[in-house]
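Asks: quick one: sequence plus predicted model below, questions after.
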Amino acid sequence: MTDTLTIRRPDDWHLHLRDDAMLSLVAPFTAERFGRAIVMPNLVPPVTTVAAAKAYRQRILEAVGDAGPFEPLMTAYLTDTIDPEEVARGHEEGVFMACKLYPAGATTNSDAGVTDIRNIDPVLAQMAALGMPLLVHGEVVDADIDIFDREKVFLERVLAPTLERFPDLKVVLEHITTADSVEFVQAGGERLAATVTAHHLRIDRNDILVGGIKPHMYCLPVAKRARHKEALREAVASGSPKLFLGTDSAPHARPAKESGCGCAGIFSAPVGIESYAQTFDELGCLEKLEGFASLHGPRFYGLAPNEGTITLERAPFEVPARIDPEGQDLTPFHAGERLGWRLAR
Ligand code: DOR
Ligand code: ZN
């Protein structure tokens, strides 16, 4: 049995770091594990300008302190009215790595998002020309579409036509939750990839709803039936270079989660690589973890893999039930559980 596993330092290709005191608390968890992360721009107000992204990047670096080495990769939040020139300038200056598409109303802080993807055609054309990836929250928001079908319908109604209209646009379908998305991404060309969260590899909708409602298992896109989770597990175990790690770690304080109208988001940064290691081990494919966590993402983005390594060891890792209970009050993914892999110090 493998008892230690050394891999190139991984990257997190989808992460929420928030701001202020929450940022200070959560950023070190990521920086201890990952070399880089694609940082989501859904702050209030959202990150829509080069100046805002630069300032946010600086605050992140201050929050990380000496927990790194860690490089935040910044994204622009697309709105109906965002200026394509601002996006292009941000990319050329090395500030914006990618742009994030939130369909308006789809999730946390998405009110300023895009109401109809055709509204941003000029930006998409600009991005395709620059080779700048579009990162997609792939859910429709139509009231008549069942929440468990929103990702599948998005593929048909929005993503497929957009890929057709912009044949050179690079797209990452983020945090995929369905067998349909796996198939869709596998069938797309090289310019299409997807991220998979640690939690969607481990939970299905029963984990949210059976035996009482579990607000800390609620995120968007919401976890689906068990067969979809199985399809995701099988897909990452296949070693497909089109799939890579994106935790979508999304901290919300406990009162905001345990509420009559609880926020969507699972805070997984404290177990950000360990949970995946556990899953890959269960799947008997630990040798595929490095590709998924450290190699496929950089290849898609046209970056070199990180220079350093991390070592995981097969040893009990007791995940705390609460983090900073008197302050930000977070409940992490795997709260109170024992994992079989931990970071070697
Ligand atoms: O569960 C989620 N939480 N999904 C998202 O798309 C946004 C995120 C957040 O920002 O809390
Ligand atoms: Zn997210």
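Replies: Received, thanks. Ligands and ions are numbered 1, 2, ... in the order given.
Asks: in the stretch 51-200 of the chain, which spans are helices?
Replies: Listed in chain order, the helices of the stretch 51-200 of the chain (DSSP state H, counting those that start in this stretch) span 84-92, 121-130, 150-154, 160-165, 179-187.
Asks: right, and those helices - which one's nearest ligand 1?
Replies: Comparing the helices of the stretch 51-200 of the chain by their distance to ligand 1 (Cβ to the nearest ligand atom), the top pick is helix 150-154, with 11.5 Å. Every residue, glycine included, has its C-beta placed from N, CA and C.
Asks: pick the most buried one from the helices of the stretch 51-200 of the chain.
Replies: Of all the helices of the stretch 51-200 of the chain, helix 150-154 carries the top mean neighbour count, a mean of 23, counting by mean count of other Cβ atoms under 10 Å.
Asks: that one and ligand 1 in contact?
Replies: No - when contact is scored as Cβ under 6 Å from any ligand atom, no part of helix 150-154 falls within range of ligand 1; the minimum is 11.5 Å.
Asks: re earlier: Serialize the helices of the stretch 51-200 of the chain to JSON lines and add fields for mean pLDDT.
Replies: What follows is the helices of the stretch 51-200 of the chain, written out as JSON lines (pLDDT from 0 to 100):
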{"stretch": "helix 84-92", "mean pLDDT": "97"}
{"stretch": "helix 121-130", "mean pLDDT": "97"}
{"stretch": "helix 150-154", "mean pLDDT": "98"}
{"stretch": "helix 160-165", "mean pLDDT": "98"}
{"stretch": "helix 179-187", "mean pLDDT": "98"}
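Asks: any idea which of the ones you listed gets closest to residue 7?
Replies: The stretch from the helices of the stretch 51-200 of the chain with the least distance to residue 7 (Cβ to Cβ) is helix 179-187; that distance is 23.2 Å.
Asks: quick one: residues in contact with that closest one.
Replies: Residues outside helix 179-187 that contact it (Cβ atoms under 8 Å, 6 or more residues apart in numbering) are 138, 151-152, 155, 159-160, 173, 176, 192-194, 227-228, 231-232, 235, 240, 242-243.
Asks: narrow these to those in strands?
Replies: Among the contacts of helix 179-187, the members found in strands (DSSP state E) are 173, 192, 193, 194, 243.
Asks: which of those residues sit farthest apart?
Replies: 192 and 243 (11.0 Å).
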